[in-house]
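Q: fold the stuff below for me.
(one chain, ligands or ions: 1)
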Amino acid sequence: MVQLSGITPSGHVQLGNHLGALRRWAADGGPDDLYFVSDLHAMTTAHNPAKLRSLATEQLAVLVATGIAPERVFVQSDLARELGALTWVLECTCSYGEAARMIQFKEKSAARSASVEGGGGGMDGKSKGQAGVRLSLLTYPVLMAADILLQGADEVPVGEDQRQHVELARTLARRFNSTYGEVFTVPEATLPPAGARVKDLAEPARKMSKSANDSAGVVFVLDEPDQIRRKVRRARTDGGSVPAYDPENRPGIANLLDILAACAGGDPAELADEYPSYGVLKDAVADAVIEELRPVREGTRALLDDVAELERVRKAGAERAIDRGAHRVSAALRMVGAA
Ligand code: AQP
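A: Now for the predicted structure:
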């Protein structure tokens, strides 16, 4: 049973990625599971090449420092040739309507159009806005299908927002297999084990995100202890003065209690009773987060300093991932009559 999960280098890895995904991948991952840095997925909107490269390297180091076996990790762009060929074959198996129906495409392209129209001033704002949307925003679910089908993944644990993309991968795998011949494992979207969504410390109504415009409420796994403490001390606490666990009405404090429970153990509602004031609670949260992230930060820094070792891990991961998938690309090309 092969499970495949990825992380996109759209920013520095943050506490939510760690608690909601990476830490679990390290602890629960099966011997055949695969984890990858999806750097090609970070190119569907304007990006900075040098930054993308350094974020991808950093994320690879974070995955290994978190405890994921080095032989289970790889960087997506190291498979660019195989993925490029397979994406094309799958695009030729997919209709325009299927891609355009993806909710994420509709939402993101609408948001992008609106921002261009808003600042565009003047001529033909709408078409100008749509023209500024990268074609890859439309086609990236097909690349995601290639990620999954190349590796022969059986299961892809995803949140609701990515479910439709895994459904598309299933549809394309089935269609290819029945039209040209059996090549692909039909993957299944599974729900990752429920875990609290870590919220932004400054804006607890939204989730913590690596690409947030304002990082005041985002704890990055590579933040130094004093930065973490400062961010936690400034966390929004929704009025009142005594901690109570009420996610609906007091999301800021509930978020801090969830984070404390995730890092130090315990039940968030019971933990609320142990802290007489917000100040004492925030100190405890900062201490717990600093200790939780310390080994990851130190391990990542050590790996980033050891360029040769990180390069070795990266190369070995790429070779293994290519070995696992290249025969599927060859078979698919042969079956469609292209090789
Ligand atoms: N706040 C969060 N709480 C719990 N889990 C989270 N994840 C992300 N944010 C939180 C989980 O991290 C994994 C990798 O995320 P991703 O790179 O696939 O993209 P994402 O979910 O969109 O994460 P970000 O940090 O919010 O990135 P941007 O800013 O680019 O959108 C996933 O398993 C995700 O559930």
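
Q: report the buried residues of stretch 158-170.
A: 158, 162, 164, 165, 166, 167, 168, 169, 170 (16 or more other Cβ atoms under 10 Å). Placement of C-beta: from N, CA and C, glycine included.

Q: swap that for stretch 261-278, sorry
A: 261, 262, 263, 268, 271, 272, 275, 278.

Q: can you pick out the most distant pair from those?
A: 262 and 278 (18.9 Å; Cβ to Cβ).

Q: next secondary structure after the helix-or-strand element of the chain with minimal mean pLDDT?
A: Ranked by mean pLDDT, DSSP states H and E, the weakest helix or strand in the chain is helix 125-131, scoring a mean of 62. Using DSSP states H and E, the helix or strand that follows helix 125-131 towards the C-terminus is helix 135-150.

Q: and that following helix, how far out from the chain's middle?
A: 15 Å (Cα atoms, centre = their mean, to the nearest Å).

Q: go on, stretch 329-339?
A: 31 Å.

Q: and stretch 2-9, by the same measure?
A: So, by Cα atoms, centre = their mean, the centroid of stretch 2-9 is 7 Å from its chain's centroid.

Q: is the ligand contacted by that stretch?
A: Yes: between stretch 2-9 and the ligand, judged by Cβ under 6 Å from any ligand atom, the touching residues are 7, 8.

Q: just the helices in this protein please.
A: 15-17, 23-28, 49-66, 80-91, 96-100, 103-120, 125-131, 135-150, 160-180, 225-233, 251-264, 268-273, 278-305, 307-335 (DSSP state H).

Q: what packs against the second one?
A: The contact analysis (3 or more Cβ pairs under 8 Å, 6 or more residues apart in numbering; DSSP states H and E) places helix 23-28 against helix 49-66.

Q: who's in contact with the helix it packs on?
A: Contact with helix 49-66 is made by 7, 9-13, 18, 22-23, 25-26, 35, 37, 39, 42-43, 70, 73, 75, 77, 221-222, 295-300, 302-304, 310, 313-314, 317, as judged by Cβ atoms under 8 Å, 6 or more residues apart in numbering.

Q: name the residues that touch stretch 308-326?
A: The contact list for stretch 308-326, computed with Cβ under 8 Å, 6+ apart, reads 34, 36, 57, 60-61, 64, 70-75, 78-79, 82, 86, 150-152, 303-304.

Q: now with 7 Å, please.
A: 57, 60-61, 64, 70-71, 73-75, 78-79, 82, 150-152, 303-304 (Cβ atoms under 7 Å, 6 or more residues apart in numbering).

Q: next: stretch 88-102.
A: Stretch 88-102 is contacted from outside by 105, 138-139, 141-142, 145-146, 164-165, 168, 172, 175-176, 332-333, 336, using Cβ under 7 Å, 6+ apart.

Q: count the neighbours of the residue nearest to residue 277 when sequence neighbours are not counted for me.
A: Nearest in space to residue 277, with sequence neighbours left out and distances taken as Cβ to Cβ, 6 or more residues apart in numbering, is residue 241 at 6.5 Å. As a burial measure, residue 241 scores 9 neighbours (other Cβ atoms under 10 Å).

Q: what pLDDT does residue 241 get?
A: You'll see residue 241 listed with a pLDDT of 81.

Q: tell me the pLDDT at the closest residue to residue 74 other than its chain neighbours?
A: Of all residues not flanking residue 74 in the chain, residue 317 sits nearest, at 3.6 Å (Cβ to Cβ, 6+ apart). Per-residue confidence (pLDDT) for residue 317: 96.

Q: the residue nearest to residue 277 reaches residue 278, doesn't it?
A: Yes: between residue 241 and residue 278 there is a contact under Cβ atoms under 7 Å: 6.4 Å.

Q: hmm, back to that, tell me which of the helices of the chain sits nearest to the ligand.
A: For those, proximity to the ligand was assessed by Cβ to the nearest ligand atom; helix 15-17 is nearest, at 2.4 Å.

Q: hmm, who's touching the closest one?
A: Defining contact as Cβ under 7 Å, 6+ apart, one finds that helix 15-17 is touched by 7, 198, 207, 208, 210, 219, 221, 289.

Q: one more pass at 6 Å, please.
A: Contacts to helix 15-17, defined as Cβ atoms under 6 Å, 6 or more residues apart in numbering, come from residues 198, 208, 219.

Q: how many other residues sit next to residue 256?
A: Using other Cβ under 10 Å, residue 256 has 31 neighbouring residues.

Q: which ones are touching it?
A: Residues near residue 256 by Cβ under 6 Å, 6+ apart: residue 285.

Q: again with residue 211
A: Per Cβ under 6 Å, 6+ apart, neighbours of residue 211: 10, 11.

Q: roughly how far apart are it and residue 289?
A: For residue 211, the distance to residue 289 (Cβ to Cβ, to the nearest Å) stands at 20 Å.

Q: could you do residue 241 as well?
A: Distance of residue 241 to residue 289, given as Cβ to Cβ: 22 Å.

Q: now swap in residue 104 and tell me
A: Using Cβ to Cβ, residue 104 is found at 30 Å from residue 289.
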